[in-house]
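quick one: sequence plus predicted model below, questions after.
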Amino acid sequence: MSVDSTQQRGAPAGDRPNPAPGRASYREVLAVGEFRALFTAGIVSVLGSVVAAVALTVLIYEQTRSPALAASVMAVSFLPYLFGGALFGAAADRLPARSVLIGCDLASAALVTCMIIPGMPVPGLLALLFGNGIIAATYQGVRSAVMPEILPPGPRYILGRSLMRLVAQSAQIVGYGSGGLLLAVLSPRGALAADAVCFAASGLLVRLGMAARPALGRSRSGSIARDSLAGLRGALAHRPTRRILLFSWLVPACAVAPEALAAPYATYIGEPARVAGFLLMGIPAGTVVADILAARFLSQRQQRRVMVPAAVLGFAPVIAFWLSPRLGPALGLLVAAGFGAACYAGLDGVLLAEAPEHLRSRVLALSSAGLMFTQGAGFALWGIAGQYAAPSVVIPVAALTGAAVAVMLRPRGTAVYQPDGSGIPSV
């Protein structure tokens, strides 16, 4: 599928709306055909992946009766993002985006299909899961890097990023419940087969809906792994970019403490551990609302102004866990804490404005991979802390730590990204 030069550097000419300086609407964003394809493919693959995580957890537990091995599914799901982001970040520069995305979907479908093989040992299942995580990190990095090529940087880009986050957050609310319902009618292997079909469908959607454009071509020398590591060093050596990345990684790593300790907290307040599922819905529910409001109704300058206050205030309700609230109040506090996600819309714009143009795709890929890894590390850190102190202590400590990190690492950049690469300082 060939396109002209205008289409190669962005959305097809007939699909790209005219840039607007203020706010964007969902209709304008979803009017871009390529974004619709990526967005729909994301819904299909994310829901399939969540269902597969539930199915694989059940499958490993049925084989081993080991809670630790069953829990390792989540840990192995996060760890590959460190390696994928570090070793394959250059794929966003050096390979055509559509080809990489389709290849990743088909490779994931193949790996998940291998999980279905009867008699596959647990180490083999975890190795396949790890490999699929590296593919997912590459996929997300390339998708993040190509987004400014599809949606003009500015309000539409920020709203598009918000919609992508909503997919992930909604999957946490809906996907795990769907996984439980699916396992009521299918075996774990049947659910994994459904996930393989989802990945194949995602690849087909990308093939049909996304224009073929050449690689960004910002780097060509050496192996992809060596080039990726060089880009990683370059991105982290740029001080304004490094500060924004650390803010976007460490604040969420502290915010996951209530989710990491949901089951222990439920038993701590005298409830059965199974009600942890209700607690796990709280922060994603608040995040969805906050992201919609900030990305849709605030201007770019307003988004930047609320970044740090939203992040800090998002931790305030969690400090109240010191009082050991019962299930209902605790759920309300977690929903309120999710409103701190209003900071992310501003972060998207600031990161795009501050990143050096020649490193932009690397920075966007690194941001996505680093977020997933640091969230996984946060789960591990606060889970270990919960072994030595009560959840009513650990969760508030995590909140105070997160608020301090937000203040100390507050992004200093307030420029608004312009298509010519310049920034207009906000006032």
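That came through fine. Numbering: from 1, shown residues only.

so residue 311 makes contact with residue 345?
No. Using Cβ atoms under 8 Å, residue 311 makes no contact with residue 345, being 11.9 Å away. (C-beta placed from N, C-alpha, C; glycine too.)

would you mind writing the CA trace of the host helix or strand of residue 350 as PDB?
Secondary structure assignment for residue 350, by DSSP states H and E: helix 343-354. Taking Å, rounded to 0.1, in the frame of the first residue of the first chain, the C-alpha atoms of helix 343-354 are listed here in PDB:
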ATOM      1  CA  CYS A 343      -1.500  15.100  35.700                       C
ATOM      2  CA  TYR A 344      -0.900  12.700  32.800                       C
ATOM      3  CA  ALA A 345      -2.400  14.900  30.100                       C
ATOM      4  CA  GLY A 346       0.000  17.700  30.900                       C
ATOM      5  CA  LEU A 347       2.900  15.300  31.000                       C
ATOM      6  CA  ASP A 348       2.200  14.000  27.500                       C
ATOM      7  CA  GLY A 349       2.500  17.600  26.100                       C
ATOM      8  CA  VAL A 350       5.500  18.600  28.200                       C
ATOM      9  CA  LEU A 351       7.400  15.400  27.200                       C
ATOM     10  CA  LEU A 352       6.800  16.000  23.500                       C
ATOM     11  CA  ALA A 353       7.800  19.600  23.800                       C
ATOM     12  CA  GLU A 354      11.000  19.000  25.800                       C
END
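
run the chain-centre distance for that helix.
15 Å (Cα atoms, centre = their mean, to the nearest Å).

which strands and helices sit next to that helix?
helix 155-170, helix 239-255, helix 276-297, helix 300-305, helix 307-319, helix 360-385, strand 415-417 (3 or more Cβ pairs under 8 Å, 6 or more residues apart in numbering; DSSP states H and E).

the inter-axis angle of it versus helix 360-385?
With axes from the mean of the first three to the mean of the last three Cα atoms, to 10 degrees defining the directions, helix 343-354 sits at 140 degrees from helix 360-385.

so where's the stretch 101-250 of the chain shaky on pLDDT?
Within the stretch 101-250 of the chain, the ranges that satisfy pLDDT under 70 run 168-169, 171-184, 216-223, 225.

can you pull out the helices in it?
With helices called from DSSP state H, counting those that start in this stretch, the stretch 101-250 of the chain shows them at 122-150, 155-170, 176-185, 188-209, 224-237, 239-255.

residue 316 is nearest to which of those?
Set against residue 316 and scored by Cβ to Cβ, the helices of the stretch 101-250 of the chain come closest in helix 239-255, at 12.0 Å.

need the contact partners of the closest one.
Counting by Cβ atoms under 8 Å, 6 or more residues apart in numbering, helix 239-255 makes contact with 235-236, 283, 311, 314-315, 318, 337, 340, 343-344, 347, 350-351, 354-356, 359, 363, 366-367, 370-371, 374-375, 377-378, 381, 398-399, 401-402, 405-406, 409-413, all of which sit outside it.

which positions within stretch 104-117 qualify as buried?
Buried residues in stretch 104-117, counted by 16 or more other Cβ atoms under 10 Å: 104-116.

quick one: the helix holding residue 350 to helix 122-150, angle?
Using the same axes, to 10 degrees: helix 343-354 against helix 122-150 is 70 degrees.

what angle sits between helix 343-354 and helix 239-255?
160 degrees.

now helix 343-354: average pLDDT?
In this model, helix 343-354 has an average pLDDT of 86.

and it with helix 307-319, angle?
Using the same axes, to 10 degrees: helix 343-354 against helix 307-319 is 150 degrees.

so helix 343-354 versus helix 155-170, what angle?
Angle of helix 343-354 versus helix 155-170, following the same axes, to 10 degrees, is 140 degrees.

between helix 276-297 and helix 343-354, find me the angle.
Going by the same axes, to 10 degrees, helix 343-354 makes 50 degrees with helix 276-297.

show me which positions of helix 343-354 end up buried.
343-354.

low-confidence stretches in the stretch 251-400 of the chain?
Using pLDDT under 70, the stretch 251-400 of the chain drops low at 273-274.

rewinding a little: now mean neighbour count and distance to residue 278 too, for the helices of the stretch 101-250 of the chain, in a markdown table please.
Below are those laid out as a markdown table (neighbours: other Cβ atoms under 10 Å; distance: least, Cβ to Cβ, whole Å):
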| stretch | mean neighbour count | distance to residue 278 |
| --- | --- | --- |
| helix 122-150 | 21 | 27 |
| helix 155-170 | 22 | 16 |
| helix 176-185 | 14 | 11 |
| helix 188-209 | 20 | 23 |
| helix 224-237 | 18 | 39 |
| helix 239-255 | 21 | 18 |
